[in-house]
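Participant: show me the folded form of this:
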Amino acid sequence: MVADAQVFCHPTLAVQYLCLPSPTAPKIEPDIFDVAPDPTDTPISIDLSRRDSALSCSTSIQTTTIFDSTARKYAPKIRSGSHTDIGPRSSNEDEHIRIDDLCTHLGSNYTWPESSSFYAVFDGHGGPDAAVYMKNNAMRFFFKDAELPQTADIDEKFLQDLETSHRKSFLLADQAFADEHSIIDSYCGTTALTALVLGRHLLIANAGDCRAVLCRKGDAVQLSQDHRPLVRWNDKGLRIWVVPLNMDT
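Facilitator: Purely as a prediction, here's the structure:
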């Protein structure tokens, strides 16, 4: 993780919201895919069965906010699972966070009007120290020390404030990681991907070559873009994609 990490952005700092009705389709249990096409801007309808996602030691950050104000209200039931594969390595350097009920986990620190969940994946390299550190401190960075917006209603302004708070949390984590050089091997690091589900809204932030993938009617839809040395970023600040989030698949 680098202390002077750049933050890349969509040409406009304002979050653009699509208010499109979702077509009716048969309900399909989602699968998990390892590969995906390029990020899409088309409306997406999903069943909220979330997986892993979260923070990082990379040089850039991107977020995805999912919002649709026209779809009918419903209370999503969150179910999640996780699996990690050591592969050919001698040790597993990956960590993750999986919290289906964020309200219960945070207790009195939770002030939002809707239920929520939080997921994070930390793909460590050069040793486990960086990924372990981020797993142990992510909840503090994102919820306890973060300047979270306070509201009785989730609207466009709230989502914009939440995105700003999320971005500051990434920078806070980056600086804290750099300050812990005495307990973290300087040769190790971690990528990170976070997913925050708040009612019917989903915010995804990525730093590094982690990837968020959505299963839509059996097809893998890429929600985030990998950060790699060969990728040219023409934008400044935070990249944002907005698509509808409904209970149909």
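Participant: buried ones in stretch 205-223?
Facilitator: The neighbour-count check on stretch 205-223 (16 or more other C-beta atoms under 10 Å) flags 205-216, 220-223 as buried. Where C-beta positions appear, they are placed from N, C-alpha and C, glycine not excepted.
Participant: please apply the same query to stretch 120-131.
Facilitator: In stretch 120-131, counting by 16+ other C-beta under 10 Å, buried: 120-125, 127-131.
Participant: in strands only, show me these.
Facilitator: 120-125 (DSSP state E).
Participant: was I right about residue 177 contacting residue 130?
Facilitator: Yes. Using C-beta atoms under 8 Å, residue 177 and residue 130 qualify as a contacting pair, with a distance of 6.9 Å.
Participant: number of nearby residues for residue 177?
Facilitator: Counted with other C-beta atoms under 10 Å, the neighbours of residue 177 add up to 24.
Participant: backbone phi and psi for residue 116, please?
Facilitator: Backbone geometry at residue 116, expressed as degrees, to the nearest 10, gives phi -150, psi 170.
Participant: number of residues surrounding it?
Facilitator: 19.
Participant: partners of it in the sheet?
Facilitator: residue 198 (DSSP bridges).
Participant: against residue 204, how distant is residue 197?
Facilitator: Computed with C-beta to C-beta, to the nearest Å, the distance linking residue 197 and residue 204 is 10 Å.
Participant: compare neighbour counts for the two and give me the winner.
Facilitator: Legend: neighbour count by other C-beta under 10 Å for residue 197 and residue 204, higher for residue 197 (26 against 23).
Participant: excluding chain neighbours, what is closest to that one?
Facilitator: residue 117 (4.3 Å; C-beta to C-beta, 6 or more residues apart in numbering).
Participant: how about residue 86?
Facilitator: That would be residue 92: by C-beta to C-beta, 6+ apart, it lies 4.5 Å from residue 86.
Participant: number of nearby residues for that neighbour?
Facilitator: Neighbours of residue 92 using other C-beta under 10 Å come to 13.
Participant: wait, is it part of a strand?
Facilitator: No. Counting by DSSP: H, G, I helix; E, B strand; the rest coil, residue 92 is not part of a strand but coil.
Participant: kindly export the longest helix seen in the chain (C-alpha atoms) in CSV.
Facilitator: Taking DSSP state H as the criterion, the chain has its longest helix at helix 156-179. The C-alpha trace of helix 156-179 is given here as CSV (Å, rounded to 0.1, in the frame of the first residue of the first chain):
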residue,chain,number,x,y,z
GLU,A,156,-29.1,10.7,-3.8
LYS,A,157,-27.3,13.1,-1.4
PHE,A,158,-26.9,10.3,1.2
LEU,A,159,-25.4,8.0,-1.4
GLN,A,160,-23.0,10.8,-2.5
ASP,A,161,-22.0,11.4,1.1
LEU,A,162,-21.5,7.7,1.6
GLU,A,163,-19.3,7.4,-1.4
THR,A,164,-17.2,10.3,-0.1
SER,A,165,-16.9,8.7,3.3
HIS,A,166,-15.9,5.4,1.7
ARG,A,167,-13.2,7.1,-0.3
LYS,A,168,-11.8,8.8,2.8
SER,A,169,-11.8,5.4,4.5
PHE,A,170,-9.6,3.9,1.8
LEU,A,171,-7.1,6.8,2.2
LEU,A,172,-7.2,6.4,6.0
ALA,A,173,-6.4,2.7,5.7
ASP,A,174,-3.6,3.5,3.2
GLN,A,175,-1.9,5.9,5.6
ALA,A,176,-2.4,3.6,8.7
PHE,A,177,-0.8,0.8,6.7
ALA,A,178,2.2,2.9,5.8
ASP,A,179,2.6,3.9,9.5
